[in-house]
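1. Make a model of this:
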Amino acid sequence: MGKMMPGHIKIEIQGSVGIVTLNRPERHNALSLKMWQHLPEVMLELDEKPTIHTIFLTGAGNTFSAGADISEFSTVRATVEQAVDYEIAVDACGDAIENLRKPTVAVINGFCLGGACHIAMACDFRFADQDSSFSIPAARLSIVYGASATRKLISLVGLSKAKRILYTAQRFSARDGLSMGFFDEISTDPMETAHKLAAQIADLAPLSLVGAKLLLNGMAKGFQDTDLTLAENAIDNAVRSNDYLEGCTAFTEKRKPKFTGT
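-> Residues are numbered from 1 along each chain as shown. Next up is the predicted model:
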């Protein structure tokens, strides 16, 4: 059984994996403003648990998410001021997921549309069902896709393909998404694929993964955006850790190390 959180979001813990589920299947898991606002704190709660090594983000039923809940736009995105506040909440959600310390996987079934692409792109990996599809139909609503989301899109698929996705508002198949670089892997059971990756991650030193993610994400934005002080602290903390001694000792003794994240 999972734990229900505010805003149609569910948390489950399976071993060293925390699973966050968008739980609004009657609306194809469309993201309400409350969901945009609550999702970061839900995922941060898992990120801070030392026993959790990997975090999955998925959708209930047969759909990842149909994107932002357009039916509520007349009340929460009706004016320029509301639209600005709404986009701030969307960007804050995507950036919070991107900046989680632990590895994240978007496990995608069915549709991944519009704003849902933003939170999927914020994850480290996107594993999709072979029958899933994605699109960013912002141009069908006279909406300009946000700067933070567009940066993530370009970093995944490149400028030319990002233009095609945004200019055409076309829906693309899972195989299209894989060839573009939007999806990392497609399979008949993306959740099983994600668990296999999580099992590999669980055997590794948590501080090494935290440091690697910090450096990789920073450098992906541009070397000038990498916080070198944080990077150096991550490197130094790993060397000072009990896990560093354990890793070296286990290597010498030809046994599997037992890392604790300290």
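
2. For the rest of this, base every contact and every neighbour count on C-alpha atoms.
-> Will do.

3. who touches the host helix or strand of A120?
-> Secondary structure from DSSP states H and E places A120 in helix 115-122. If you take C-alpha atoms under 8 Å, 6 or more residues apart in numbering as the criterion, helix 115-122 is touched by 31, 57, 64-68, 90, 93-95, 97-98, 106, 126, 134-136, 149, 152-153, 156, 182.

4. what is T54 paired to in the beta sheet?
-> V17 (DSSP bridges).

5. residues near it, how many?
-> Residues within reach of T54, counting by other C-alpha atoms under 10 Å, total 24.

6. so who does it touch?
-> So, once contact is read as C-alpha under 8 Å, 6+ apart, T54 ends up touching S16, V17, G18, K102, P103, T104, V105, A198, I201, A202.

7. Keep only those of these that are in helices.
-> A198, I201, A202 (DSSP state H).

8. Which of these are buried, as a PyMOL select command?
-> The PyMOL command for the buried members of those (criterion: 16 or more other C-alpha atoms under 10 Å) is given here:
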select buried, resi 198+201+202
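
9. re earlier: please export the C-alpha coordinates of the helix holding A120 as CSV.
-> Output in CSV follows, covering the C-alpha atoms of helix 115-122 (Å, rounded to 0.1, in the frame of the first residue of the first chain):
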residue,chain,number,x,y,z
GLY,A,115,3.9,19.8,-19.0
ALA,A,116,4.3,16.1,-18.3
CYS,A,117,7.3,16.1,-20.7
HIS,A,118,8.8,18.8,-18.4
ILE,A,119,8.8,16.6,-15.3
ALA,A,120,9.9,13.5,-17.3
MET,A,121,12.8,15.5,-18.8
ALA,A,122,13.7,16.6,-15.3
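
10. Heading C-terminal from that helix, find the next helix or strand.
-> strand 125-129.

11. Report the next helix or strand after that following strand in sequence order.
-> strand 133-135.

12. Make a markdown table from the contacts of T54 and add pLDDT to it.
-> Shown next, in a markdown table, are the contacts of T54 (pLDDT from 0 to 100):
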| residue | pLDDT |
| --- | --- |
| S16 | 95 |
| V17 | 97 |
| G18 | 97 |
| K102 | 96 |
| P103 | 97 |
| T104 | 98 |
| V105 | 98 |
| A198 | 97 |
| I201 | 95 |
| A202 | 94 |
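
13. Now for the residues you listed, which sits with the most neighbours around it?
-> For the contacts of T54, neighbours tallied by other C-alpha under 10 Å; top is T104, 27 neighbours.

14. Y244 is in contact with A238, correct?
-> Yes - between A238 and Y244 there is a contact under C-alpha atoms under 8 Å: 6.4 Å.

15. Next up, identify which helix or strand S155 is on.
-> Using DSSP H and E, S155 falls in helix 147-157.

16. Correction: the previous question concerned A83.
-> Here A83 sits within helix 80-98, counting by DSSP H and E.

17. just L57 next, same as before
-> When elements are assigned from DSSP H and E, L57 belongs to strand 54-59.

18. Next, the angle from that strand to helix 80-98.
-> Strand 54-59 and helix 80-98 are oriented at 140 degrees to each other (axes from the mean of the first three to the mean of the last three C-alpha atoms, to 10 degrees).

19. Following the chain onward from strand 54-59, which element is next?
-> Using DSSP H and E, the helix or strand that follows strand 54-59 in sequence is helix 73-76.

20. Need the mean per-residue confidence for that following helix.
-> Model confidence over helix 73-76, given as mean pLDDT, is 94.

21. try stretch 112-127
-> For stretch 112-127, the per-residue pLDDT averages 98.

22. how far out from the middle of the chain is that stretch?
-> Chain-centre distance of stretch 112-127: 6 Å, with C-alpha atoms, centre = their mean, to the nearest Å.
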